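J.: I need the structure of the sequence given here:
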Amino acid sequence: MREGHARILAAGARLVVVLCQDEEAVRGHFARDPVPFPVAVDAARSAARAFGVHRLLGFDALNIARPATFVLDHAGMVRARFVARFQWQSLPLEDLLRAVSALGPKAASP
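T.: All right, here's what the predicted structure looks like:
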């Protein structure tokens with residue numbers, strides 16, 4: 001998402017990344033490799049559970065969150081979602097930008 005961040009902003013949206021990992025590990029990683037968008041840590045995986053992407057047991061890992069992308073409108077309603085089947089998958093940037101554009105200019109503005 002680092003490469004697409006400017007395009008996401010230009011489309012009238014904001015990007016926030018939520019990682020369901022150990023806070024120290026996340027801080028260490030982004031201290032070495034900073035990004036231009038906010039990164040939140042959900043070590044307890046409560047956001048993952050609330051958004052329905054938590055997996056207690058999977059083929060590729062235990063107690064993890066599936067990679068997912070959610071597009072929320074100005075009121076905080078989920079208008080588009082992508083939930084990966086595997087840890088290496090992500091939503092293509094063009095698909096994300098189409099979902100943001102579908103909200104219209106008023107709905108997409110922060």
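J.: Just the buried positions in the host helix or strand of Arg79, please.
T.: In this structure, Arg79 sits in strand 78-83 according to DSSP states H and E. Using 16 or more other CB atoms under 10 Å as the test for burial, strand 78-83 gives 80, 82. Every C-beta, even on glycine, is put in place using the N, C-alpha and C of the backbone.
J.: Using PDB, list the CA coordinates for it.
T.: Taking Å, rounded to 0.1, in the frame of the first residue of the first chain, the C-alpha atoms of strand 78-83 are listed here in PDB:
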ATOM      1  CA  VAL A  78     -18.500  -0.800   5.400                       C
ATOM      2  CA  ARG A  79     -19.200  -0.300   1.700                       C
ATOM      3  CA  ALA A  80     -16.700  -2.800   0.200                       C
ATOM      4  CA  ARG A  81     -14.600  -5.600   1.600                       C
ATOM      5  CA  PHE A  82     -12.000  -8.000   0.500                       C
ATOM      6  CA  VAL A  83     -10.900 -10.900   2.700                       C
END
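J.: Spell out the residue ranges of the strands in the protein.
T.: 17-19, 39-41, 54-57, 62-65, 68-72, 78-83 (DSSP state E).
J.: Export these to CSV and append columns for distance to Ala6 and mean pLDDT.
T.: Below are the strands of the chain laid out as CSV (distance: least, CB to CB, whole Å; pLDDT from 0 to 100):
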stretch, distance to Ala6, mean pLDDT
strand 17-19, 15, 88
strand 39-41, 17, 91
strand 54-57, 31, 66
strand 62-65, 26, 66
strand 68-72, 17, 87
strand 78-83, 20, 87
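J.: Direction included, what does the strand holding Arg79 pair up with?
T.: strand 68-72 (antiparallel) (DSSP bridges).
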